[in-house]
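Visitor: 3D, please:
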Amino acid sequence: MGRKRSHSIAIWTVLILFAFWTVVPIALVVLNSFKRAKDIFTVSPRLVFTPTLDNYVNAFTKANFGLYYVNSVIVALASTVIVIVTGTFAAYALTSFRLRSANTIANGFLLGKLVPVISMLLPLFVIINAIGLRGTLAGPTIAHVALNLPFVIWLMMGFLRDVPPELQQAALIDGCTRMQTFWKVLFPLILPGVAAAFVLSMQYSWNELLFSLQLTNLDTYTLPVGIAGFVGAISVDWGLSSAAATATMVPLIIVGFFVQKHIATGTTGGAVKG
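Guide: Residues are numbered from 1 along each chain as shown. Just a heads-up that it's a prediction; the model follows:
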């Protein structure tokens, strides 16, 4: 009993410390977004203060943050939908069709994911600039698709391999086409994986800075680029940047709250087989 109690205390201590480490920085950002400058720059953090919405008003009116928000929604949704559709069907083809080079193709996608992201910046910049998409929303969208696609393919391959092949064979024998088999039999079973891939791809595209900074201009900046613009060479507008960061976190927190069960299943469900 004493050993079990010590084990439980150790586990709870680690969980509490991890929660503290995770929640406190976020809480400070949220609090700073409602503070005036004089309250932010106190020597000790001031928990009791008069809240204000000036930082949010300035972010969406003076800092052109509303445009960055719309740009991020377009880029994140477009890249995520493209990645989910192409990645799921590519995984379906690699796991269900008898292709001689299926393993080679799958390993090629994995190799693309192992390459450091920074090393892909110059080639993608050259390609997107050559086809005239630099400075448009299509530029970062294509870059995010290229970066997320290998991950989604491998994640969905794990789920599709877990589905018993007898289910597909039974559907084909009953007269279903390949597409009918996919939508009526496979898709409901791999839905947790699709939800996990959607949220994780959306999160990456929503928060990605490097490619968005290099492939956009003032009219097509996304949220991370816009927030980075609040950091000046001499000073940082902490109130404005905190308000922008808080507004940026809200959509993903809401989405993650509603699909958290699918995320937990999706990130582990395809890890047993394949």
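Visitor: could you chop this protein up by domain?
Guide: The record's domain parsing of the chain by automatic domain parsing lists 1-52, 56-269.
Visitor: which residues are in contact with the strand or helix carrying residue 195?
Guide: Using DSSP states H and E, residue 195 sits in helix 191-207. For helix 191-207, the external contacting residues (Cβ atoms under 8 Å, 6 or more residues apart in numbering) are 72, 75-77, 79-80, 83-84, 87-88, 140, 144, 147-148, 151-152, 155-156, 158-159, 187, 223-224, 248, 251-252, 255-256, 259, 262-263, 265-267, 269-270. (Glycine included, C-beta is placed from N, CA and C.)
Visitor: show me where the chain dips below the pLDDT cut-off.
Guide: 1-3, 43, 45, 232-235, 260-274 (pLDDT under 70).
Visitor: let's go with 50 and repeat that
Guide: For the chain, applying pLDDT under 50 flags the ranges 266-274.
Visitor: so which residue is smack in the middle of it?
Guide: residue 203 (1.7 Å; Cα atoms, centre = their mean).
Visitor: for that residue, give its distance to residue 8.
Guide: 32 Å (Cβ to Cβ, to the nearest Å).
Visitor: go on, residue 215?
Guide: 50 Å.
Visitor: look at the two and report which has more neighbours.
Guide: residue 215 (28 against 10; other Cβ atoms under 10 Å).
Visitor: mind listing what the more buried one touches?
Guide: 124, 125, 128, 133, 134, 135, 139, 140, 143.
Visitor: for these, pick the one with the most neighbours.
Guide: The most crowded member of the contacts of residue 215, judged by other Cβ under 10 Å, is residue 140 (32 neighbours).
Visitor: for stretch 221-232, list every residue counted as buried.
Guide: 221, 222, 223, 224, 225, 226, 227, 229, 230 (16 or more other Cβ atoms under 10 Å).
Visitor: make JSON lines out of those residues and add secondary structure.
Guide: Shown next, in JSON lines, are the buried residues of stretch 221-232 (DSSP: H, G, I helix; E, B strand; the rest coil):
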{"residue": "221", "secondary structure": "coil"}
{"residue": "222", "secondary structure": "coil"}
{"residue": "223", "secondary structure": "helix"}
{"residue": "224", "secondary structure": "helix"}
{"residue": "225", "secondary structure": "helix"}
{"residue": "226", "secondary structure": "helix"}
{"residue": "227", "secondary structure": "helix"}
{"residue": "229", "secondary structure": "coil"}
{"residue": "230", "secondary structure": "coil"}
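Visitor: tell me which two of those residues sit farthest apart.
Guide: Farthest-apart pair in the buried residues of stretch 221-232 is 222 and 230; separation 14.0 Å (Cβ to Cβ).
Visitor: from residue 140, how far out is residue 255?
Guide: 20 Å.
Visitor: element containing the nearest residue to residue 215 once chain neighbours are set aside?
Guide: Nearest residue to residue 215, sequence neighbours excluded (Cβ to Cβ, 6 or more residues apart in numbering): residue 139, at 3.7 Å. Element membership for residue 139, per DSSP H and E: helix 138-162.
Visitor: next: residue 20.
Guide: Here residue 20 is assigned to helix 2-33, by DSSP H and E.
Visitor: I'm done for today, thanks for sticking with me.
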